[in-house]
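Chemist: sequence and predicted structure are below.
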There are 2 protein chains.
Amino acid sequence: MKLSKTSEYALRILIYMAKKPADLYTAKYLIEQLHVSDKYLRRLMTELSKAGFIKSTQGRDGGYTFAKPINEISLYDIIDSVESMDKLNDCVLGFNECSCTNPCAMHDEWLVIRQKLNKIFHETKLSDLDFEHVLRY
Amino acid sequence: MKLSKTSEYALRILIYMAKKPADLYTAKYLIEQLHVSDKYLRRLMTELSKAGFIKSTQGRDGGYTFAKPINEISLYDIIDSVESMDKLNDCVLGFNECSCTNPCAMHDEWLVIRQKLNKIFHETKLSDLDFEHVLRY
DNA sequence: AATAAATACTACTTATTTGTAGCATATTAA
DNA sequence: TTAATATGCTACAAATAAGTAGTATTTATT
């Protein structure tokens, strides 16, 4: 009942960048600021580039910037790009056959929770966050 | 953003038993009904016994029954006994220092979600579930 | 053209979770 | 008291997630 480390890092990085969304950030700088390990961050940045959130420029004076406006990037999209958000909608008891017409004993309770989770994660965009106190390492 | 397999199994088993809470269930029977592997289920049952939800009687004609009324067993308690529910209250970005006075950028959004999750898991007791359609393998 | 400073890729290592095997222990009934 | 039928324990195996190492590639500056 927790996000994966990879999702945590992805959120941390993009939220940090969203504070000044027009800037160019080098991996080296983000590693220092956010205390995510070198190779892990770099690999993750490549994933986030492929997912279309950021774009990288290689070579000297290179780095990463947003590839689209931060009010178009939801927390749902970010998490979904590194761990499937679909699993949130799986049966909480692990039954594959579970559905509204053939529900498990917890189906209705879980439906309420997951709808709220989906709603908040979908509706919260990077631009909605409070950057006054962006906690960082 | 999903319960562990172990939590799923723990819930499956106890919810299944809660349908007829006075009965004695053998491991063999539960394994057949719920398709949880032999040794894994047995180990889990021992944990659930130690946590005080069920009690076991060894030897011939042995098995497991509830150790207390099922309206005193919440889903929170069950999940917490096999994977720490505390982690639900950890910072969603993984910052140890995150708190209401020193919040991360997602602190407020996440607080709303986790309070709802905590509430539902705490308030839902085994006796509250709908046993008309207990889906099983 | 050489160098410096950046990202990209592939393979490997470690840690955690999940699942399995085999033997030990307990209890009832004939 | 022996056989049958239960649970309990310890150690191992497999799968997945997390983290690390080293090298290749790209590009602006000189």
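Modeler: Okay, I see it. Fair warning: this is a prediction, and the values are worked out from it, not measured in the lab.

Chemist: now do the buried residues in the helix or strand harbouring residue A:39.
Modeler: Element membership for residue A:39, per DSSP states H and E: helix A:38-50. For helix A:38-50, the neighbour count (16 or more other Cβ atoms under 10 Å in any protein chain shown) marks A:41, A:44, A:45, A:48 as buried. Just so you know, the C-beta spots here come from the backbone N, C-alpha and C atoms, and that holds for glycine as well.

Chemist: quickly note the distance from the residue nearest to residue A:62 when sequence neighbours are not counted to DNA strand D.
Modeler: The shortest distance from residue A:62 to any residue that is not its chain neighbour, by Cβ to Cβ, 6 or more residues apart in numbering or on different chains, is 6.7 Å, and that residue is residue A:56. As for residue A:56, its distance to DNA strand D is 10 Å (criterion: Cβ to the nearest atom of the strand, to the nearest Å).

Chemist: who in chain A is up against DNA strand C?
Modeler: Where proximity means Cβ under 7 Å from any atom of the strand, the interface of chain A facing DNA strand C comprises A:25-28, A:39, A:42-43, A:45-46, A:49, A:56-64.

Chemist: isn't residue A:73 right up against residue A:128?
Modeler: No. Here residue A:73 does not reach residue A:128: they are 10.3 Å apart, not a contact under Cβ atoms under 8 Å.

Chemist: more neighbours: which of these two?
Modeler: Taking other Cβ atoms under 10 Å in any protein chain shown, residue A:73 and residue A:128 do not tie; residue A:73 has more neighbours (23 against 15).

Chemist: what angle separates the helix ranked longest in chain A from helix B:107-123?
Modeler: In terms of residue count, the longest helix belonging to chain A (DSSP state H) is helix A:107-123. Here helix A:107-123 runs at an angle of 180 degrees relative to helix B:107-123 (axes from the mean of the first three to the mean of the last three Cα atoms, to 10 degrees).

Chemist: tell me which parts of chain A are close to DNA strand D?
Modeler: A:4-6, A:9, A:37-40, A:43, A:57-62.

Chemist: for residue A:65, grab phi and psi.
Modeler: Dihedral angles of residue A:65 (phi, psi; degrees, to the nearest 10) stand at phi -140, psi 170.

Chemist: which SS class is the closest residue to DNA strand D within chain A?
Modeler: Of all residues in chain A, residue A:59 sits closest to DNA strand D, with a separation of 1.9 Å (Cβ to the nearest atom of the strand). For residue A:59, the secondary-structure state derived from DSSP: H, G, I helix; E, B strand; the rest coil is coil.

Chemist: who's in contact with the worst-scoring helix or strand of chain A on mean pLDDT?
Modeler: Between all helices and strands in chain A, the lowest mean by mean pLDDT, DSSP states H and E belongs to helix A:107-123, at a mean of 89. With contacts defined as Cβ atoms under 8 Å, 6 or more residues apart in numbering or on different chains, helix A:107-123 is touched by A:74-76, A:79, A:85, A:88-89, A:91-92, A:98, A:100, B:1, B:109, B:112-113, B:116-117, B:120, B:124, B:129-130.

Chemist: swap in 7 Å and give it another go.
Modeler: Helix A:107-123 is touched from outside by A:74-76, A:79, A:88-89, A:92, A:98, B:109, B:113, B:116-117, B:120, B:124, with contacts defined as Cβ atoms under 7 Å, 6 or more residues apart in numbering or on different chains.

Chemist: let me know the closest of those residues to DNA strand C.
Modeler: Checking the contacts of helix A:107-123 one by one against DNA strand C (Cβ to the nearest atom of the strand), the nearest turns out to be residue A:92, at 13.4 Å.

Chemist: phi, psi for the closest residue to residue A:86 other than its chain neighbours please.
Modeler: Once flanking residues are discounted, residue A:86 sits nearest to residue A:80: 7.9 Å by Cβ to Cβ, 6+ apart. Backbone torsions for residue A:80, taken as degrees, to the nearest 10, come to phi -60, psi -30.
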